[in-house]
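**Q** Here is the input, now give the coordinates:
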Amino acid sequence: MERKQVLALVLLFGAIVAASRLPLAPGQLFSYDDVNFAYAIGDFNPRVSQPQPPGYPLFVLQTRILFWLRFRRPESNLLAIALLGSTAAVVALAWAGNRILGGDTGYCAAWLLVFHHSFWYAGVTSALRVQLALVSAVVAATCWRAWRGERRGIYSSAVALGLAAGIRPALGLLLFPLWAVGAWRAGGWRDRRRGLALLSAVILAWLIPTVIASGGPVDYARSCWEYLADQSALTSGLFGAAAARWQATICWMAVWGFSGVLAWPLAAIFAWRRGGGLGYSWTQVAFLGLWLAPSLVFAVLVHIADAGQALAMVPVVCLVGGYLASRAASRLDPWVPRAHAVVLFLLPSLFLDALIFFRPVWYYQGPAATGWGAAAHRVWADLHTGMSFSSLAQMRGIAWVDDMAFTELRRLAAEKPGNTVVLWERGRTSARKTGYYFQNLPLVVLSPRKIAGDSTPVARFMRGPRVERLLEGGPPLRVPLPAGARLIWMVEPKSDFFRDLRQSFPLTDADLYYNDLPAGGGEQRVGDYLFAW
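**A** Next up, the predicted model:
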């Protein structure tokens, strides 16, 4: 690909990304992870989730570079990285696709990626996750050189893989087999050892500072494992998730990564040629399979809980779809202008992605059934939920809940300045976001020690990112509060905790629930906690 072509693609897709993402971007940090990255701009410390393990050091470096370039608001900083990362990912896939499958496959795949519902959703909500698509495409393109027997490809792909691991360490492990097979095919033992040494050097360049910031290798390894096990406990049966939840996770993964396959039949029919099939070589099939398989296995067996986490796989899917569209269009060359034919074969995928992303409601409640009927209804409902979780309505719903909660919290706290305590227990808005935007308010986070598997109650007294006091023990855990304070409760109204809370405190209904404690002493038990003042 020539420089003029690259520049044209950057300008074209940069404009498309800006036009399709900027108007939809929320005005505040969207997720728990975003808050962690915002804190990490000033203080990189994975031990206290700045950011969460395993640290993502090269992504944090990007945020600091933009901070130095005067992107001082974390919201603007992360949005700029999301826009730049989305554009770079699309251009990188065009480059990779043309290298790996030839022709204008990459150009077709770039159009499929830029409007893919998971990529679109992540481009608005997660600056980090769009870079999964970027590094996946770059590593694959450089590994393909080694697969074709180019010795230099061993070294360029080693550098690309080492940098990719610094953006998301798990992705380094998942793409390592692709690099290892390429190194085996391209060179002798001397080249393989040198490539491995180069890969190790690049990884150590970011890993050593990260380990030091995390308190040493033992603490770093422990925190990474505990974080992975805790997160995976909700999505993987291997880590303790219920069978129904594991099934739901697999259905979501299928929607987030592979929904585009449903739009391929027309292109596949025209791409098929008697005696030549679809035209793939066995080397290309093996390459695409090894690129996809580790991430797919990780998603199914370990963890995937967000549409953006499928973006290491999505470039492979878009590449296959782009190849089919490109090859099918060549069959119509004598009768239809090529550009028109390509549009014809890309339209079904683009329409499907737009439908998933823009449809206001994805919900399905199956009728009561037993046996195979019940299982089918459950899968159908899980697929609808997966589509909902990568839709514009989902993003706007979360942003709307946050805006309403923060507006009400600001009003209620202003009525009792200096004597307000916020208590969070599975609230619809995350505790981390609440603490970030109200750093002068005391926040008490009520939660078990772990997301799943350990019900020991814990109370964390926080101001901003700092845990000023931590209490834990068997129920009822005593939680001291100041007499006469206003208590603002950020809770889930459908939970058992809220039912008990209603019985113990005279709550005032608002967008948030609250009550004012009497000036004298007292105590009330709610669930596993004993509140005393």
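
**Q** how about the strands in the stretch 151-300 of the chain?
**A** Using DSSP state E, counting those that start in this stretch, the stretch 151-300 of the chain contains no strands.

**Q** Return the set of buried residues in the helix or strand where residue 349 lies.
**A** Under the criterion of DSSP states H and E, residue 349 resides in helix 338-358. By neighbour count on 16 or more other C-beta atoms under 10 Å, the buried set for helix 338-358 is 341-346, 348-350, 352-353, 356-357. (Glycine included, C-beta is placed from N, CA and C.)

**Q** try stretch 22-42
**A** Across stretch 22-42, burial judged by 16+ other C-beta under 10 Å covers 24-26, 28-31, 33-41.

**Q** end to end, how far does that stretch reach?
**A** One end of stretch 22-42 sits 26 Å from the other (C-alpha to C-alpha, to the nearest Å).

**Q** Show me what the helix or strand where residue 40 lies is packed against.
**A** Assigned by DSSP H and E, residue 40 belongs to helix 32-42. Applying 3 or more C-beta pairs under 8 Å, 6 or more residues apart in numbering; DSSP states H and E, one finds that helix 32-42 contacts helix 57-68, helix 74-101, helix 431-437.

**Q** Run the angle between it and helix 57-68 for me.
**A** Counting by axes from the mean of the first three to the mean of the last three C-alpha atoms, to 10 degrees, helix 32-42 lies at 60 degrees to helix 57-68.

**Q** between helix 32-42 and helix 74-101, how many degrees?
**A** Between helix 32-42 and helix 74-101, the angle comes out at 110 degrees (the same axes, to 10 degrees).

**Q** quick one: average pLDDT of helix 32-42?
**A** On average, the pLDDT along helix 32-42 is 93.

**Q** for this protein, what helix or strand is lowest in average pLDDT?
**A** Ranked by mean pLDDT, DSSP states H and E, the weakest helix or strand in the chain is helix 371-388, scoring a mean of 83.

**Q** Pull out the buried residues from it.
**A** Neighbour counts over helix 371-388 (16+ other C-beta under 10 Å) mark 377, 378, 379, 381, 382, 383, 384, 385, 386, 387, 388 as buried.

**Q** Only the C-alpha atoms, please, for that helix, written as CSV.
**A** Taking Å, rounded to 0.1, in the frame of the first residue of the first chain, the C-alpha atoms of helix 371-388 are listed here in CSV:
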residue,chain,number,x,y,z
GLY,A,371,-37.3,-29.3,27.8
TRP,A,372,-35.9,-28.3,24.5
GLY,A,373,-38.4,-25.5,24.1
ALA,A,374,-37.3,-23.8,27.3
ALA,A,375,-33.6,-24.1,26.2
ALA,A,376,-34.4,-22.6,22.8
HIS,A,377,-36.3,-19.7,24.4
ARG,A,378,-33.4,-19.1,26.8
VAL,A,379,-30.9,-18.9,24.0
TRP,A,380,-33.1,-16.6,22.0
ALA,A,381,-33.4,-14.3,24.9
ASP,A,382,-29.6,-14.3,25.5
LEU,A,383,-29.0,-13.4,21.9
HIS,A,384,-31.3,-10.5,22.1
THR,A,385,-29.6,-9.4,25.3
GLY,A,386,-26.2,-9.5,23.6
MET,A,387,-27.6,-7.3,20.8
SER,A,388,-28.9,-4.9,23.4
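
**Q** next one: that helix to chain centre, how far?
**A** Distance of helix 371-388 from its chain centroid, counting by C-alpha atoms, centre = their mean, to the nearest Å, is 23 Å.

**Q** Mind giving me the packing neighbours of it?
**A** Using 3+ C-beta pairs under 8 Å, 6+ apart, the elements in contact with helix 371-388 are helix 243-258.

**Q** Report the angle between the helix it packs on and helix 371-388.
**A** Here helix 243-258 runs at an angle of 50 degrees relative to helix 371-388 (the same axes, to 10 degrees).

**Q** Quick one: list the elements packing against helix 243-258.
**A** Packed next to helix 243-258, using 3+ C-beta pairs under 8 Å, 6+ apart, are helix 282-301, helix 314-331, helix 371-388.

**Q** closest one to residue 65 among these?
**A** Closest to residue 65 of those is helix 314-331 (C-beta to C-beta; 24.9 Å).

**Q** Just the angle for that closest one relative to helix 74-101, thanks.
**A** Orientation of helix 314-331 against helix 74-101 (the same axes, to 10 degrees) gives an angle of 50 degrees.

**Q** Tell me the buried residues in helix 314-331?
**A** Buried residues in helix 314-331, counted by 16+ other C-beta under 10 Å: 314-331.

**Q** what's the average pLDDT for it?
**A** Regarding helix 314-331, the rounded mean pLDDT is 94.

**Q** helices and strands around that helix, which ones?
**A** Counting contacts by 3+ C-beta pairs under 8 Å, 6+ apart, helix 314-331 packs against helix 74-101, helix 105-114, helix 130-147, helix 243-258, helix 265-271, helix 282-301, helix 338-358.

**Q** So which elements touch the third one?
**A** So the one you mean is helix 130-147. Packed next to helix 130-147, using 3+ C-beta pairs under 8 Å, 6+ apart, are helix 74-101, helix 117-125, helix 151-167, helix 169-186, helix 282-301, helix 314-331.

**Q** could the helices and strands packed on helix 314-331 go into a markdown table alongside mean pLDDT?
**A** Shown next, in a markdown table, are these (pLDDT from 0 to 100):
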| stretch | mean pLDDT |
| --- | --- |
| helix 74-101 | 96 |
| helix 105-114 | 96 |
| helix 130-147 | 96 |
| helix 243-258 | 92 |
| helix 265-271 | 93 |
| helix 282-301 | 95 |
| helix 338-358 | 94 |
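
**Q** nearest to residue 170, of these?
**A** For residue 170, the closest of those is helix 282-301, at 7.2 Å, according to C-beta to C-beta.

**Q** pretty sure residue 165 is touching residue 159, no?
**A** No: under the criterion of C-beta atoms under 8 Å, residue 165 is not in contact with residue 159, lying 11.1 Å apart.

**Q** Which one's more surrounded, those two?
**A** More neighbours surround residue 165 than the other of residue 165 and residue 159, with 26 against 16 (other C-beta atoms under 10 Å).

**Q** Need the nearest residue in space to that one, chain neighbours excluded.
**A** Spatial nearest neighbour of residue 165, chain neighbours left out: residue 172 (2.5 Å); criterion: C-beta to C-beta, 6 or more residues apart in numbering.

**Q** what's the burial count for the one you found?
**A** Counted with other C-beta under 10 Å, residue 172 comes out at 22.

**Q** Right, I'll leave it there.
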